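Participant: My questions concern the predicted model and sequence given below.
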Amino acid sequence: MSEEIVTERLILRPWQESDAESLYKYAQDPAIGPIAGWPPHASVEDSLNIIRTIFAAPETYAVVLKATDEPIGSVGIMFGEGLHSAEMQADEAEIGYWIGVPYWGQGLIPEAVRCLLKRCFEDLGMAAVWCGYYDGNVKSRRVMDKCGFRFHHTEEGKTSPLGDVRTEHFMRLTKEEWINNKRT
């Protein structure tokens with residue numbers, strides 16, 4: 001079971017079935033899912049099903065705003081089978097994330113991702129962490145830049161979970177780079 005991680009403004013905790021309405025509130029927005037390759041949620045039941053299946057994976061966290069105690073997004077660490085890039089090694093992970101539109105541009109996701117990087121490198125013994133984004137998802141790329149990721153490679157002709165063909169860019173951060181970034 002994933003543990004709870006507390007930051008300055010956030011609580012990262014496992015998703016609960018009682019979060020379904022909050023999840024639907026943000027995940028139904030067509031500005032969020034499609035750019036990341038997943039369909040907007042169609043109903044509260046749809047969101048509940050996502051919580052029970054996809055969000056039940058280890059190291060998948062609800063991004064809960066301390067001020068309101070409401071889940072406003074999701075972050076997670078994926079290993080092995082769930083990884084997107086063929087280049088990843090056994091001691092590497094991938095971080096994925098999204099946040100509701102009203103909370104864009106407030107630095108909340110970089111705050112959450114930095115916690116997951118610490119978890120990857122200090123607790124889980126990873127040698128490198130990856131992030132991927134589809135062409136045009138500049139907001140997602142900015143999060144990666146802020147968190148110290150460096151461009152690694154581009155894969156063209158990738159079929160997204162929505163079934164369309166896209167170009168995906170991969171960013172990577174090694175443990176050594178992460179340690180050096182913390183010093184500066």
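Facilitator: On my side now, so go ahead.

Participant: now the strands: where do they sit in this protein?
Facilitator: Secondary structure of the chain, counting by DSSP state E: strands at 5-6, 10-13, 60-65, 70-79, 92-99, 128-134, 150-159, 165-174.

Participant: Mind checking the pLDDT average for stretch 16-24?
Facilitator: Stretch 16-24 carries an average pLDDT of 97.

Participant: pLDDT below threshold where in this protein?
Facilitator: Where the chain drops to pLDDT under 70, the residues are 1-2, 81-87, 184.

Participant: tell me what the longest helix along it is packed against?
Facilitator: With DSSP state H applied, the helix covering the greatest number of residues in the chain is identified as helix 108-118. Using 3 or more C-beta pairs under 8 Å, 6 or more residues apart in numbering; DSSP states H and E as the contact definition, the elements that helix 108-118 packs against are strand 10-13, strand 60-65, strand 70-79, strand 92-99, helix 138-146. C-beta coordinates here come from the backbone N, C-alpha and C atoms, glycine included.

Participant: As TSV, these with mean neighbour count and distance to Asn49 would be great.
Facilitator: Putting the helices and strands packed on helix 108-118 into TSV (neighbours: other C-beta atoms under 10 Å; distance: least, C-beta to C-beta, whole Å) gives the following:
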stretch	mean neighbour count	distance to Asn49
strand 10-13	20	20
strand 60-65	23	14
strand 70-79	22	15
strand 92-99	22	17
helix 138-146	16	24
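
Participant: Relative to Glu155, which of those is closest?
Facilitator: strand 92-99 (13.4 Å; C-beta to C-beta).

Participant: Parallel or antiparallel, which strands does that closest one pair with?
Facilitator: The pairing partners recorded for strand 92-99 under DSSP bridges are strand 70-79 (antiparallel), strand 128-134 (parallel).

Participant: With distance to Val6 added, can I get those strands in CSV?
Facilitator: Converted to CSV, these look like this (distance: least, C-beta to C-beta, whole Å):
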stretch, distance to Val6
strand 70-79, 14
strand 128-134, 21
